[in-house]
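[1] A structural model of the following input is requested.
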Amino acid sequence: MIERNKYLNELIGSMNNKMPKVITGIRRCGKSYLLKEIFSKYLIDEKKVNQENIIQIELDDINNIKYRNPIELSKHINKRIINEDTYYVFIDEIQLVTPILNPEFTNGDIVLAKASDENVITFVDVVLGISRIQNVDLYVTGSNSKLLSKDVVTEFRDKATNIHLKPLSFEEFYSYYGGDKYAAFYEYLIHGGMPLAVLEQNVAKKENYLKGLFNTTYLQDILEHNHFRKTETLDELCSILSFSTGQLLNTQKLANIIESRKKEKIDKTTVDNYLNTFIDAYIVEEAKRYDIKGNSTIGALRKYYFTDTGLRNARLDFASLDFSQLIENVVYNELVYHGYNVMVGSFNQFEKNKNNKSVVKQYEVDFYATKGIESIYIQVTDNIDDIQTKKRELRPFYLIKDAIKKIVLINRPIQALKLENGIILYGIVDFIMNLK
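    Prediction:
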């Protein structure tokens, strides 16, 4: 069993809080497994809950198709509650519940609802209704087929506890993979942390699984949900994001790149809509720019990182891998996994040019990460053995005069070292494994 202790502890911490727990995340990242295997085992082994008091309903199972009717689902759950003991109810793929018109207004008939209809009963009504049963603790998963996961969260607003699941972190990956941690990190960079890919030992099958997952599942989910017709543009944007991981981009720049490749006009609003679908589907995340000296977010430029490097590499057919991009992507994901808000640090500095004239020069710090009262600056680089590389990577830190911790991460197996000006040098693998 792959350990997912972070999420198990989140579930434990939200038990019996009188609110439904909505587990979201990219498809195939392990939401169902977390509930049905890990959390269920905890309830039975640690809390001594009887198996009969754990009700599991998989709505993507053809045998449970009648429970996609919200009325039938509600009736079924209520019938299973036969005493005053606490019941733990798991409903998988809640978005498959079909909206219907309230039977009170249809003479008792079951009528499918249209988007414009009022007096509609949806999965939200069912979930909130079940969660009000005094001795029921309800857990549901939402996926990306007919309703994207972020939409699921929005539907419940402040009436549910959201637990957002990501692919395996390196810590979770290594707890299963074991062996030399640097060899494990190399494997993680290439094939990522999607659970079924990690469990597959054959490299060819692993890569085919990831490519199929991206092309036939995620892209199809986006097309189906958003009713897009220009699939070629969506496909092109996906390729650009894959090649440009960790580069500063905006919608106008992306539109220009697409136009140059496809030789047809596309407006930045369309690109922005397409880009947001990748974000809403949890395929990519964006890091905004932060003015270090002005203490505010700035401009339209963003960096985009894939939620899983294996998926990103699958999009590129596992060819021409840029390890500097992959390492930066993993560092971003690990910081987010450990609860940091992550932005790209940026600031302007007046300097003298060769003609002794004052000019404005812009500097960038890979990450400005905050969590509570903690803040850190991070530069990520392959190494700083070369004098020019070291000068380039460290110069922004020399120019920042605040007391925030400054860290340089290099792709080398070294222990933490103190450099000049209080800068700390870490090996990337050791830094990630000690983040918590």
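[2] so for Glu10, what's the pLDDT?
    Confidence at Glu10, expressed as pLDDT, is 97.
[3] what's the local residue count around Arg4?
    22 (other CB atoms under 10 Å). Placement of C-beta: from N, CA and C, glycine included.
[4] what about it, distance to Leu73?
    27 Å (CB to CB, to the nearest Å).
[5] any buried residues in the longest helix along the chain, and which?
    Selection of the longest helix in the chain by residue count, based on DSSP state H, yields helix 323-337. For helix 323-337, the neighbour count (16 or more other CB atoms under 10 Å) marks 325-337 as buried.
[6] would you turn these into CSV with pLDDT?
    CSV is the format used below for the buried residues of helix 323-337 (pLDDT from 0 to 100):
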residue, pLDDT
Gln325, 93
Leu326, 95
Ile327, 95
Glu328, 95
Asn329, 97
Val330, 97
Val331, 97
Tyr332, 98
Asn333, 98
Glu334, 98
Leu335, 97
Val336, 97
Tyr337, 96
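[7] want to throw those into a markdown table with distance to Asp85?
    As requested, the buried residues of helix 323-337 are exported to a markdown table (distance: CB to CB, whole Å):
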| residue | distance to Asp85 |
| --- | --- |
| Gln325 | 52 |
| Leu326 | 49 |
| Ile327 | 50 |
| Glu328 | 50 |
| Asn329 | 46 |
| Val330 | 44 |
| Val331 | 46 |
| Tyr332 | 44 |
| Asn333 | 40 |
| Glu334 | 41 |
| Leu335 | 42 |
| Val336 | 38 |
| Tyr337 | 36 |
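[8] name the element Tyr42 belongs to?
    In this assignment (DSSP states H and E), Tyr42 forms part of helix 40-45.
[9] moving C-terminal of that helix, what's the next helix or strand?
    Following helix 40-45 toward the C-terminus (DSSP H and E): strand 54-58.
[10] for that next one, the distance to its chain's centre please.
    26 Å (CA atoms, centre = their mean, to the nearest Å).
[11] what residues does the following helix or strand past that strand touch?
    Next in sequence after strand 54-58, counting helices and strands by DSSP H and E, comes helix 70-80. With contact meaning CB atoms under 8 Å, 6 or more residues apart in numbering, helix 70-80 is reached by 55, 57, 66-67, 87, 89, 91, 97-100, 103, 110, 121-123, 125-126, 129-130, 133, 136.
[12] residue ranges with poor pLDDT in the protein?
    143-154, 229-230 (pLDDT under 70).
[13] how far does the strand ranked longest in it sit from its chain's centre?
    Assignment by DSSP state E gives strand 358-371 as the longest strand of the chain. Between the centre of strand 358-371 and the centre of its chain there are 25 Å (CA atoms, centre = their mean).
[14] between the following helix or strand past that strand and helix 323-337, how big is the angle?
    Once strand 358-371 ends, the next helix or strand along the chain (criterion: DSSP H and E) is strand 374-381. Strand 374-381 runs at 170 degrees relative to helix 323-337, counting by axes from the mean of the first three to the mean of the last three CA atoms, to 10 degrees.
[15] which helices and strands does strand 374-381 pack with?
    helix 323-337, strand 358-371, helix 387-399, strand 405-410 (3 or more CB pairs under 8 Å, 6 or more residues apart in numbering; DSSP states H and E).
[16] residues contacting the first one, please?
    By that I understand helix 323-337. 6, 166, 169-170, 188-190, 245-246, 285, 287, 305-309, 312-313, 342, 366-367, 369, 378, 380-382, 409, 411, 428, 432, 435.
[17] same check on the shortest one?
    The set of residues external to strand 405-410 that reach it, using CB under 8 Å, 6+ apart, is 331, 375-384, 393-394, 397, 400, 419, 421-428, 431.
[18] let's see that with 7 Å instead.
    331, 376-384, 393-394, 397, 422-428, 431 (CB atoms under 7 Å, 6 or more residues apart in numbering).
[19] neighbouring strands - and their directions - for it?
    strand 374-381 (parallel), strand 424-427 (parallel) (DSSP bridges).
[20] can you redo these as JSON lines with mean neighbour count?
    Converted to JSON lines, the strands paired with strand 405-410 look like this (neighbours: other CB atoms under 10 Å):
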{"stretch": "strand 374-381", "mean neighbour count": "19"}
{"stretch": "strand 424-427", "mean neighbour count": "18"}
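[21] what about stretch 41-48, distance to the chain center?
    For stretch 41-48, the distance to the chain centre is 28 Å (CA atoms, centre = their mean).
[22] repeat that for stretch 38-49.
    27 Å.
[23] buried stuff in that stretch?
    By neighbour count with 16+ other CB under 10 Å, stretch 38-49 contains the buried residues 38-40, 42-43, 49.
[24] now do stretch 360-377
    363, 365-370, 376-377.
[25] ok, so of those residues, who is nearest Lys31?
    The nearest member of those to Lys31, counting by CB to CB, is Ala369 at 26.2 Å.
[26] surely Asp291 meets Gly345?
    No. With contact defined as CB atoms under 7 Å, Asp291 does not reach Gly345; the gap is 8.6 Å.
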